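how would this look folded up:
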Amino acid sequence: MGNLKTGAHEVVAVFTGIGPSARDYKRAMSFNLEKQTGPHFVELLIKDDTAKQQPAFEVKQWD
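Down below sits the predicted model:
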């Protein structure tokens, strides 16, 4: 993504992969962030949801 100017931003991430039974999947998620001066870090997590047999996506943000 690179560097962003300060202010409000919408981030859209698209994930593609192979799920259970070798099935392809494509999912998207979006989130808003408010960039201040100084560094702001975003981590996109993909976790295995065994109950749903689908990937679960989470966002972690640090200032």
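
alpha carbons only for contacts and neighbour counts from here, please
Fine.

Geometrically speaking, which residue is the centre of this protein?
Geometric centre of the chain, nearest residue: Leu44, 3.9 Å, by C-alpha atoms, centre = their mean.

separation between it and Asp63?
Separation of Leu44 from Asp63 (C-alpha to C-alpha, to the nearest Å): 15 Å.

before we move on, the earlier item: A strand includes the residue nearest to the centre of the chain, no?
Yes: under DSSP: H, G, I helix; E, B strand; the rest coil, Leu44 sits within a strand.

ok, what's across the strand from it?
Going by DSSP bridges, Leu44 is paired in beta bridges with Val59.

any low-confidence regions in the protein?
1-2 (pLDDT under 70).

Show me where this structure has its strands.
Along the chain, the stretches classed as strands by DSSP state E are 7-18, 24-35, 41-49, 54-62.

residues making contact with the third one?
In this case it means strand 41-49. With C-alpha atoms under 8 Å, 6 or more residues apart in numbering as the test, strand 41-49 has contacts from 54-63.

Thanks a lot, catch you later.
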